[in-house]
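**Student:** After the sequence you'll find the predicted model.
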Amino acid sequence: EDVTIRGRPGWAIACSACALKYFGPQIDIHMWGEDLIFPHHQNEIAQTEACTGKEFSKYWIHSGHLMVDGKKMSKSLRNFYTLRDLEEKFPEEKRLYRAVRLWFFNGKYRDQIDFSFGKLEQNIKTIENIDSHCKKLVRYMPEFSGVRPEFRDSMQDFMTRYIDALEDDFSFPEALWVFFDFQKYIVSEISAWELTSDEQKSMVDMYMSFNEVFDILNLDIFENPVEEVPEDILKKAKQRDKAKWEKNYELSDTLRDEIIALWYSVSDTAEGTVVEKH
């Protein structure tokens, strides 16, 4: 007996068909926004598993919405911004894209993120601070080599905490917390004049490991660490930091004036003297 079935395929059928054609009856991870959990993804599961008799996807990752002033960013509401809009807002800002990435990493993938230009400007300043830390590290000139046991233990702790955060449901905010703790550790080691050449290299390698996920570092800083500032100027900056540490302010001021006379700017930061070419 002929049976006529009236109706139309659900819009999720295309996803099931594509998955079966290109990936087979099972996939490892299925991703999309939280608004597609019902009915789209539930339909995918029902129709695919009814066809194959197998579990469709092992893991589901649903991201939160990008919000603007408490409302979902969407074309229909005309409340969205493109990267071109951000470029027009910050035409001279070379750190813009890294700041956008950092801003997204401040929330877990399943959380909603509320956009504002004020928050973006804060992240630009944070990127600027990160660059300052990187320059401080690569321009530091250690007097000794070797690796202290306590240093090795600290570095292992940073990496363990970092991996644990990433493996905990991709907890990027916690991973960033480890990253900023690592930067504080760099400051403390440089300020104490204890960092060795081997330890300095290890810290740079740690930065590279972090950046494989975050991609927020300016790699030019590591590739050309002293190209802009000659070694004799960096030595004066290091001597100035040491003079300030010893409260020899007269020598500190003299060294500052000598650096400025050679056409370099001198900035006092919490991490020490930062020298830049005019």
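**Tutor:** Thanks, I have the structure now.
**Student:** shouldn't residue 190 be in contact with residue 137?
**Tutor:** Yes. Under the criterion of C-beta atoms under 8 Å, residue 190 makes contact with residue 137 at 7.2 Å. All C-beta atoms are positioned from the backbone trio N, CA, C, and that covers glycine.
**Student:** Run through the strands of the stretch 101-250 of the chain in chain order.
**Tutor:** For the stretch 101-250 of the chain, applying DSSP state E, counting those that start in this stretch gives strands covering 113-115.
**Student:** all helices for it, in order.
**Tutor:** Secondary structure of the stretch 101-250 of the chain (DSSP state H, counting those that start in this stretch): helices located at 117-138, 149-167, 172-191, 197-214, 220-223, 231-245, 249-261.
**Student:** Now tell me what touches stretch 200-207 from outside.
**Tutor:** 134, 137-138, 140, 142, 147, 151, 155, 158-159, 182, 186, 195, 217, 222 (C-beta atoms under 8 Å, 6 or more residues apart in numbering).
**Student:** Greatest separation within these: which pair is it?
**Tutor:** Across those, no pair lies farther apart than 147 and 217, at 23.0 Å, counting by C-beta to C-beta.
**Student:** These two: who's more crowded?
**Tutor:** A side-by-side neighbour count of residue 147 and residue 217, using other C-beta atoms under 10 Å, places residue 217 first with 18 against 14.
**Student:** Look at the more buried one and report its pLDDT.
**Tutor:** pLDDT for residue 217: 97.
**Student:** Show the contacting residues for it.
**Tutor:** 98, 130, 134, 207, 210, 211.
**Student:** Could you check how far the second one is from residue 207?
**Tutor:** In this case it means residue 130. Separation of residue 130 from residue 207 (C-beta to C-beta, to the nearest Å) stands at 9 Å.
**Student:** what stretches of this structure score poorly on pLDDT?
**Tutor:** Residue ranges of the chain with pLDDT under 70: 1-11, 225-228, 270-271, 278.
**Student:** Spit out the contact partners of the residue nearest the centre of it.
**Tutor:** Using C-alpha atoms, centre = their mean, the residue of the chain that lies closest to the mean C-alpha position is residue 214, 3.4 Å off. Contacts of residue 214 were listed using C-beta under 8 Å, 6+ apart, and they are 101, 102, 105, 175, 176, 179.
**Student:** Filter those down to just the buried residues.
**Tutor:** 102, 105, 175, 176, 179 (16 or more other C-beta atoms under 10 Å).
**Student:** In ChimeraX, how would I select just the buried ones from the contacts of stretch 200-207?
**Tutor:** Selection of buried members from the contacts of stretch 200-207 for ChimeraX, criterion 16+ other C-beta under 10 Å:
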select :134,137,138,140,142,151,155,158,182,186,195,217,222
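**Student:** so which of the contacts of stretch 200-207 comes closest to residue 83?
**Tutor:** residue 217 (19.9 Å).
**Student:** Quick check: closest non-adjacent residue to residue 124.
**Tutor:** In this structure, residue 124 finds its nearest non-sequential neighbour in residue 99, 4.3 Å apart by C-beta to C-beta, 6 or more residues apart in numbering.
**Student:** same check, this time on residue 114
**Tutor:** residue 67 (4.4 Å).
**Student:** pretty sure that neighbour contacts residue 115?
**Tutor:** Yes. When contacts are counted by C-beta under 8 Å, residue 67 is listed as touching residue 115 (6.6 Å).
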